[in-house]
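1. Would you be able to build a 3D model of this:
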Amino acid sequence: MVMKYAKITNPLTKAVDVGLGTNEEFYQSIGMVKMEVEESYTGEWYVNGYAPAKPHNIEIQERIDELEASITERNIRSAILGDEYASNKLRAIEQEIAELRKQLESAQEVQ
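-> All right, here's what the predicted structure looks like:
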């Protein structure tokens with residue numbers, strides 16, 4: 001939550017335009033008032049308490065992408081050469097990815 005000069009642009013969703021500078025007179029002259037606002041996960045601004053939450057399936061997909069990016073060629077080479085730590089780490093990552101994919105599939109079936 002942040003106090004900023006803002007103007008409601010969508011009364012239904014409580015989306016706002018926000019003044020990002022410090023010229024209070026200018027913002028007041030264009031109809032903005034100081035209010036509590038918050039930024040949504042998409043970068044849009046809303047009256048505090050109205051920003052939409054990030055959908056769970058997006059969070060799951062972001063975690064899958066993060067895990068897949070953590071599997072480096074070096075880890076794979078180490079595992080192939082018999083590094084037990086690297087092998088265990090890769091197995092754990094693959095298992096977490098599989099579990100997350102199941103969650104993602106279940107969430108999509110519900111929709």
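2. can you list the domain ranges for the chain.
-> Residue ranges for the domains of the chain, per automatic domain parsing: 2-47, 56-110.
3. Can you redo the ones you listed as TSV, where the extra columns are mean neighbour count and mean pLDDT?
-> To be clear about C-beta, it is placed using only N, CA and C from the backbone, and glycine gets the same treatment. Converted to TSV, the domains of the chain look like this (neighbours: other Cβ atoms under 10 Å; pLDDT from 0 to 100):
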stretch	mean neighbour count	mean pLDDT
domain 2-47	14	94
domain 56-110	13	85
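4. out of all of them, which strand in the protein is the longest?
-> The single longest strand within the chain, with elements called by DSSP state E, is strand 2-10.
5. Mind giving me the packing neighbours of the next helix or strand after that strand?
-> Beyond strand 2-10 in the direction of the C-terminus, DSSP states H and E gives the next helix or strand as strand 15-18. Strand 15-18 is packed against strand 2-10, strand 33-39, strand 45-47, with contacts defined by 3 or more Cβ pairs under 8 Å, 6 or more residues apart in numbering; DSSP states H and E.
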